[in-house]
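# give me a 3D structure for the following:
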Amino acid sequence: MRALVITEHGPPEVLRVQERPDPEPGPGRVRVRVRAAGINFADLLARVGLYAAAPSPPCVVGYEIAGEVDALGPGTEGFEVGQRVMGGCRFGGYAELAVAGTGELLPLPDDWSFAEGAAAPVSYATAYAGLVRYGALRAGERVLIQAAAGSVGIAATQIAKLVGAEVFGTASPPKHDAIRGFGVDHPVDYRTHDVVDEVRRITGEQEPLDLAFDAIGGRSFKGSFALLRPGGRLVCFGASEVQAGERRSRARALRVLAQMPRFHPVKLMSQSKSVIGLNLLELWDSKGSLDEYIGPLREWTEKGSIRPVVAARFPLAEGADAHRFVHARENIGKVVLEP
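Sure thing, here's the model as predicted:
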């Protein structure tokens, strides 16, 4: 099979299409002929060497796929060869073939493209886990979604509106009309305004939020926490500020890490606030499946209540250009590769 390989840590040019052995599905596993693979920001961090969970180069990353069932492992039930599916794979998605467990796959809706399918599983599982499963978002609450125009941000907005929350979302001004269309009630310009001041201006309150969903990291965590009222929850699920541009900067990464706030248990108790760390891959490994987070999405998917947004599609051979496109941070929605 053909696969897009990180040959070494570095800029997008280190991504090269190579021939690799076809993966074989084990018991309870499904091999998928990949028609589209989602690109996540973690893939960019893996390429530059800032993502500890990624395999060492040379390696194939990507954990969000859509395609057709190509083969079933021994004793595997619930799927059939030729069936259209979408789901997560524990790396290896940037390839013509990938293997996933049955608890990590969902039927692809008939009216969804493969690109839409590749934009959904991990992004929506992350949003569901952060907002509903651990963030305990309820109807009538206020939530701040950082990077609301990204694939996880759009998923989080759609889920928050289904729950019945009031949504504040950060994005650059050219994206404000788009995120309003996805359900953001209050777009916030993070480039020319201080997010904390702007949210307080809109609400007229010092601590207006019940939940903040933040993958920016650094000082952003401190600001998000400051906006929480008693009973509020900060869900931290990334640190995109550690990477700017196409090459790794250890100095920048260390600076962003140094800006992370320290949350003392006594202060959390006295203010009655919570800080929740979310690492979907860690949960995936621990539980052996994404079903706990993908399963609840089935009903919304079947009803058409959620639908992913695809920003751009690139052939596998243009993987370097796809990564550059994500680095530019101009996308609204998911960028996908098409083997």
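
# which parts of the stretch 51-200 of the chain are helices?
Listed in chain order, the helices of the stretch 51-200 of the chain (DSSP state H, counting those that start in this stretch) span 114-118, 121-128, 151-163, 176-182, 195-203.

# worst average pLDDT in the ones you listed?
Set side by side, the helices of the stretch 51-200 of the chain show their lowest mean pLDDT on helix 121-128, which sits at a mean of 93.

# next, the angle from that helix to helix 151-163.
Direction vectors for helix 121-128 and helix 151-163, defined by axes from the mean of the first three to the mean of the last three CA atoms, to 10 degrees, enclose an angle of 50 degrees.

# would you map the strands across the stretch 151-300 of the chain?
Listed in chain order, the strands of the stretch 151-300 of the chain (DSSP state E, counting those that start in this stretch) span 166-171, 186-189, 209-214, 228-236, 274-277.

# ok, now which ones touch residue 72?
Contacts of residue 72 were listed using CB atoms under 8 Å, 6 or more residues apart in numbering, and they are 25, 29-31, 79-81. (C-beta placed from N, C-alpha, C; glycine too.)

# including distance to residue 88, could the strands of the stretch 151-300 of the chain go into a markdown table?
Conversion of the strands of the stretch 151-300 of the chain to a markdown table gives the following (distance: least, CB to CB, whole Å):
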| stretch | distance to residue 88 |
| --- | --- |
| strand 166-171 | 25 |
| strand 186-189 | 30 |
| strand 209-214 | 20 |
| strand 228-236 | 20 |
| strand 274-277 | 20 |
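
# from residue 333, how far out is the residue sitting furthest away from the middle of the chain?
Of all residues in the chain, the one whose C-alpha sits farthest from the chain's mean C-alpha position, using CA atoms, centre = their mean, is residue 270 at 32.3 Å. Counting by CB to CB, to the nearest Å, the separation of residue 270 from residue 333 is 41 Å.

# let me see the contact set for residue 315.
Each residue near residue 315 by CB under 8 Å, 6+ apart is listed here: 337-338.

# ok, the most centrally placed residue in the chain - contacts?
Among the residues of the chain, residue 123 comes closest to the average C-alpha position under CA atoms, centre = their mean, at 3.8 Å. Residues touching residue 123, when contacts are defined by CB under 8 Å, 6+ apart, comprise 38, 40, 64, 151-152, 154-155, 308, 334.

# so which of those comes closest to residue 167?
Distances from those to residue 167 were compared by CB to CB; the smallest belongs to residue 154, at 11.2 Å.

# having no further points to raise, I will conclude here.
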